[in-house]
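Novice: my questions are about this predicted structure, shown below with the sequence.
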Amino acid sequence: VLGLLVWALIADTTYYLHAAYGWVMFVSIFFWILTVLFFVTYLLQLQLKFYVIPWSLVLMIFNAVATILYVTAFVTCAAAVQPTSWRQWDYNRRAAASFFACLVMITYGASTFFSFRAWKGLGSNAATSQVTDQA
């Protein structure tokens, strides 16, 4: 949802006049589409049909790449915001897009951390995996 906000806020400005916003648009659209595809994959449990693919590793790599590219998109978007824009609403939307790009970057970073823990198998221990029913 936050990536869609970045996309919509930048698309509603005169982004085509500034090459830097083309990169922000590419990153936000590309990762929004891929995130929706991963969501549908997990919603329909398609990962169970393609059991050969190491989904936890794929998800960790996806989140890491998304984090890195959203760092560049956030820095680009924030650096290109000009308070002396000839259209005041362009400034407001670009500043809001920078804020939401920062939130998306943090969210993908947290997802990278949690997917790394899932890939490594952290979060469980031998005691919890050895518990049996004692009825």
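Specialist: On my side now, so go ahead. Numbering: from 1, shown residues only.
Novice: every contact and neighbour count from this point should use C-alpha atoms.
Specialist: Fine.
Novice: okay, now the domains of the chain?
Specialist: Listed domain ranges for the chain are 1-50, 54-125 (source: the TED database).
Novice: nearest residue to the middle of the protein?
Specialist: Centre of the chain computed as the mean C-alpha position; nearest residue by Cα atoms, centre = their mean is residue 108, 4.4 Å away.
Novice: isn't that one up against residue 64?
Specialist: Yes. Counting by Cα atoms under 8 Å, residue 108 does reach residue 64; the two are 7.4 Å apart.
Novice: what ranges do the helices span in the protein?
Specialist: 2-11, 19-43, 55-80, 88-120, 126-129 (DSSP state H).
Novice: among the ones you listed, which is the most enclosed?
Specialist: Among the helices of the chain, ranked by average contacts under mean count of other Cα atoms under 10 Å, first place goes to helix 2-11 (a mean of 21).
Novice: by contact count, what packs against it?
Specialist: Here helix 2-11 touches helix 19-43, helix 88-120, going by 3 or more Cα pairs under 8 Å, 6 or more residues apart in numbering; DSSP states H and E.
Novice: tabulate the ones you listed (JSON lines), appending mean pLDDT and distance to residue 81.
Specialist: As requested, the helices and strands packed on helix 2-11 are exported to JSON lines (pLDDT from 0 to 100; distance: least, Cα to Cα, whole Å):
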{"stretch": "helix 19-43", "mean pLDDT": "90", "distance to residue 81": "10"}
{"stretch": "helix 88-120", "mean pLDDT": "88", "distance to residue 81": "6"}
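Novice: nearest to residue 6, out of those helices?
Specialist: Of all the helices and strands packed on helix 2-11, it is helix 88-120 that lies closest to residue 6, at 4.8 Å by Cα to Cα.
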